[in-house]
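Chemist: mind looking at a prediction? Sequence and model below.
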Amino acid sequence: MQDVTSAASVSAGRGREPGPAPVPAAAPGDLLRQLRQRHATDPVTHVERVPSRAGTPAPWPGWAPEELRTAYARRGVSAPWRHQAEAAELAHDRRHVVVATGTASGKSLAYHLPALATLLADARATVLYLAPTKALAADQLRAVAELEIEGVRPACYDGDTPRAEREWIRRHSRFVLTNPDMLHHGILPGHAQWSGFLRRLRYVVIDECHVYRGVFGSHVSHVLRRLRRQCARYGNTAGPTFVLASATSGDPAATAGRLVGLPVTAVTEDTSPRAGVTFALWEPPLLPAAEPPASSPSASAPAPRRDPDLPRSGVAPPDPTLDAEVADLTQVRRSALRETADLLADSVAAGVRTLAFVRSRRGAEVVATSARRSLDEAVPGLGDRVAAYRGGYLREERRALERALLHGDLLGLASTNALELGVDLVGLDAVLICGYPGTRASLWQQAGRAGRSGQEALAVLVARDDPLDTYLVHHPEALFGTPVEATVLDPANPYVLGPQLACAAAEAPLTVADLELFGDSAKETVEALVEAGALRQRPTGWYWRHRERPEVDLRGEGGAPVCVVEAATGRLLGTVDGGSSHFLLHPGAVYLHQGVSYVVDSLDLADGCALVHPEEPDWSTHARDVTSLSVVSVRSYVDAGPVGLFLGEVDVTSQVVSYQRRRIATGEVIDTRPLDLPTRELRTVAVWFTLSPESLTSAGVDPADVPGALHAAEHAAIGLLPLLATCDRWDIGGLSTAVHPDTEAPTVFVYDGHPGGAGFAERAYGTAAAWLKATRDAIDECGCETGCPSCVQSPKCGNGNNPLSKPGAVRVLDVVLNNLPR
Ligand SMILES: [Zn+2]
Ligand SMILES: [Zn+2]
């Protein structure tokens, strides 16, 4: 081991002069061999060698002007890769196209090429570029500006653009970069000022289009329809050509087509070069059997028959990596955090430059601190070469960090996903991913951080105790094979369509011809708006009746968000959407904000404000609720003998009635305190299955076990849905019961946690066999005895994970799968 000096100051942002050169890294295979010797049983469930790939270049398309080729040559690009040329060719042909290839495969050239060639060929043509964030638009602006193409005058137009510049941009820029929110709030309402731009609009580029999912995606799909409508109104009869860039996903053409409302061709074969990587899937070992913690529910709370597992409307849990430590889940496996910390320490000790991705800030700190401690125990001072990176640093601080890693002052870094944006790291040898980051795109983005030129790198996915992670480490084909996870959105959601039609009518009266653009249910929705007094029907169309424009937030959830305010200082800590506020911000709730703990003093629902004070009690709080669900209508169903599968509308009524305080260390219940909060209603879309009681009996499920079996199946099914639809388990709710009044049978419901639905339940219905098979396998393949957070326990269970029957759940799902047509 070499002598090392302190690099701890780097994490505080002060750069240092280059230190000692790093030890030559071990080959990925050697490092992996070393790492997996850590436990008596091999934690590695699969090793995938992803070979390096040479790029496949293609000639520049004949129409690509010399000026553009020269500009690219100046930037070191001598020819496009084949997929770039293919997509550019389609777009140039005025075909709508989506490029769905890997991270860093050069998607921007695929849209810059046709867009800029058109701007050069037609001195009046314009291009609109949409990014989900301002930061990405600013990056793209730099990229376009650096090409120095005359007469294009690229400019960002967003909330930060000074008033004085706006008019200039509207008149003179031919390449406007913005985001969907600005298009919705600024450009479309002010369409008259943009008439020239819209009339000559040739291309609309939609970058990172996989971000437009769920309710947000459904809103954006209508904003794009409103854009097409305004283009047509100003005489742009051909309409703009849409070029979309997406992360790899299942069925990108269909998703992109749904988003823009037009047929879209997909280009999916990635022909860019790539470094080789050895990818290991790692399942932390089971802990030696111990006495279960004393967390038995209080006698006053008998196990209810129904189980509500309410969604939290898209809000992530405060600190997902610490689920097992804060919820009363029986910890059965070694925690992913601890495992990652050990792997980081081992890699650093081997002289390997390693980056560990952890989902929360606090988790990143736990990993870094714990790795530092064990390194210092081995070699005093070695721990200084590990740091935590929490995002939010200044530009110079980030640069100092990059330098420290490049020079080897720093060998190990634990980071939240903040690193995906903003820091340019090269020359890393290994990446540790603590918990599946939610989508394949993020997984590869993180894994792609490893690998210096010409050298193989190592990536390790450490499974968290979550059914999806369990499934993935046992089913490598889901990570390395054809993608099955699709981005879903639902333009027909009436809670999105209504407000969007109101916006469209406020921009210009709606005509019968317009309605077609907005889908089959537009007519019906417009009539409802007339009924509600929002629109007035005249012979020439439907008119918005009010002076003010409709207030529609693309990212909103219906209910206004609740502000979290520190009482002593008046500082706004953040917002929580209305739907989650009852759970997270009830009086007495422990609320985590960026790793800091607060306790809620009061929740004022009328004012949309919760007052909190900083406090770190040694207990956590867990809201309990009472939920009922009634079926409103059935949209579609499959009759499979003893099993029925349904998709339809449901009304979910829930009320948070109490909360438990539990000791963090032991999970022991301190007390249960009542709450006085109003009930809430949610009309949404659900998928559900029913089974006949006889089929359960003959499958060996004891009648007494039916509630627990259904409940366990429901938890795991919610956990596995993100495998097929890009959503978070927090976007979905569930309810299971041994007899439901509307189905008169044992039933498991899984519903979208958004008013009107977001497409998740619909996707689950459409892929039910694959979804429930994966659910069954995740439960069955978990090595625990009676159920654990890696299979059937849920961190957001409103019933304290009681009752649950792991073997029963497998039997329930077997009955469903044996009867459901494939
Ligand atoms: Zn388990
Ligand atoms: Zn539950």
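Modeler: Cool, the structure landed. Ligands and ions are numbered 1, 2, ... in the order given.
Chemist: next up, the contacts around Arg555.
Modeler: Contacts here follow C-beta atoms under 8 Å, 6 or more residues apart in numbering; on that basis Arg555 touches Asp181, Phe216, His219. C-beta coordinates here come from the backbone N, C-alpha and C atoms, glycine included.
Chemist: for Thr103, same thing?
Modeler: Each residue near Thr103 by C-beta under 8 Å, 6+ apart is listed here: Ala247, Ala441, Trp444, Gln445, Gly448.
Chemist: cool, and Ala123?
Modeler: Gly151.
Chemist: least confident of the contacts of Arg555?
Modeler: The weakest per-residue confidence within the contacts of Arg555 falls on Phe216 (88).
Chemist: that residue in helix, strand or coil?
Modeler: Using DSSP: H, G, I helix; E, B strand; the rest coil, the three-state assignment for Phe216 comes out as helix.
Chemist: going forward, begin numbering at 322 instead of 1
Modeler: New numbering, starting at 322: the last item is Phe537.
Chemist: quick one: the residue of the chain positioned farthest from its centre from Ala709, how far?
Modeler: Centroid-distance maximum for the chain: Pro860 at 45.1 Å, with C-alpha atoms, centre = their mean. Applying C-beta to C-beta, to the nearest Å, the value for Pro860 to Ala709 is 66 Å.
Chemist: which ones are touching the closest residue to Glu686 other than its chain neighbours?
Modeler: In space, and not counting its chain neighbours, Glu686 is closest to Ala709: 4.9 Å by C-beta to C-beta, 6 or more residues apart in numbering. Ala709 sits next to Ser332, Ala685, Glu686, Val688, Ala689, Thr690, Leu734, Ala735, Ser736 when contact means C-beta under 8 Å, 6+ apart.
Chemist: go with 6 Å
Modeler: Ala685, Glu686, Ala689, Ala735 (C-beta atoms under 6 Å, 6 or more residues apart in numbering).
Chemist: list just the nearest of the contacts of Arg876 to Pro1067.
Modeler: Taking C-beta to C-beta as the measure, Phe537 is the one of the contacts of Arg876 closest to Pro1067, at 35.0 Å.
Chemist: is Gly969 in a helix, a strand, or coil?
Modeler: Secondary structure state of Gly969, per three-state DSSP, is strand.
Chemist: these two touch, right, it and Ser957?
Modeler: No. If you go by C-beta atoms under 6 Å, Gly969 and Ser957 don't touch, sitting 7.6 Å apart.
Chemist: can stretch 1111-1126 be found next to ligand 2?
Modeler: Yes. Where contact is defined by C-beta under 5 Å from the ion, part of stretch 1111-1126 touches ligand 2, namely Cys1118, Asn1120.
Chemist: for the residue in the stretch 972-1121 of the chain that ligand 2 sits nearest to, give its distance to Glu686.
Modeler: Distances between the stretch 972-1121 of the chain and ligand 2 by C-beta to the ion are smallest at Cys1118, namely 3.3 Å. In this structure, Cys1118 lies at 28 Å from Glu686, with C-beta to C-beta as the measure.
Chemist: look at those two and report which has more neighbours.
Modeler: Neighbour count, other C-beta atoms under 10 Å: between Cys1118 and Glu686, Cys1118 has more, with 25 against 17.
Chemist: in which helix or strand would I find that one?
Modeler: Taking DSSP states H and E as the definition, one finds Cys1118 inside no helix or strand.
Chemist: Leu950 now?
Modeler: Following DSSP H and E, the helix or strand that holds Leu950 is strand 940-961.
Chemist: would you put the C-alpha positions of that strand in PDB?
Modeler: These are the backbone C-alpha positions of strand 940-961, laid out as PDB (Å, rounded to 0.1, in the frame of the first residue of the first chain):
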ATOM      1  CA  TRP A 940     -38.400   7.400  16.400                       C
ATOM      2  CA  SER A 941     -39.900   7.400  13.000                       C
ATOM      3  CA  THR A 942     -43.600   8.000  12.200                       C
ATOM      4  CA  HIS A 943     -45.900   5.800  10.100                       C
ATOM      5  CA  ALA A 944     -49.300   7.000   9.000                       C
ATOM      6  CA  ARG A 945     -52.100   4.500   9.000                       C
ATOM      7  CA  ASP A 946     -55.100   4.900   6.800                       C
ATOM      8  CA  VAL A 947     -58.500   3.400   6.100                       C
ATOM      9  CA  THR A 948     -59.300   2.900   2.400                       C
ATOM     10  CA  SER A 949     -62.200   1.700   0.400                       C
ATOM     11  CA  LEU A 950     -62.500   1.200  -3.300                       C
ATOM     12  CA  SER A 951     -65.500   0.900  -5.500                       C
ATOM     13  CA  VAL A 952     -65.700  -0.100  -9.100                       C
ATOM     14  CA  VAL A 953     -67.300   2.600 -11.300                       C
ATOM     15  CA  SER A 954     -67.000   0.900 -14.700                       C
ATOM     16  CA  VAL A 955     -65.200  -1.900 -16.500                       C
ATOM     17  CA  ARG A 956     -63.400  -0.900 -19.600                       C
ATOM     18  CA  SER A 957     -62.100  -4.300 -20.600                       C
ATOM     19  CA  TYR A 958     -61.800  -7.700 -19.100                       C
ATOM     20  CA  VAL A 959     -60.600 -11.200 -19.700                       C
ATOM     21  CA  ASP A 960     -62.800 -14.100 -18.500                       C
ATOM     22  CA  ALA A 961     -60.400 -16.900 -17.700                       C
END
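Chemist: this completes my enquiry, with thanks.
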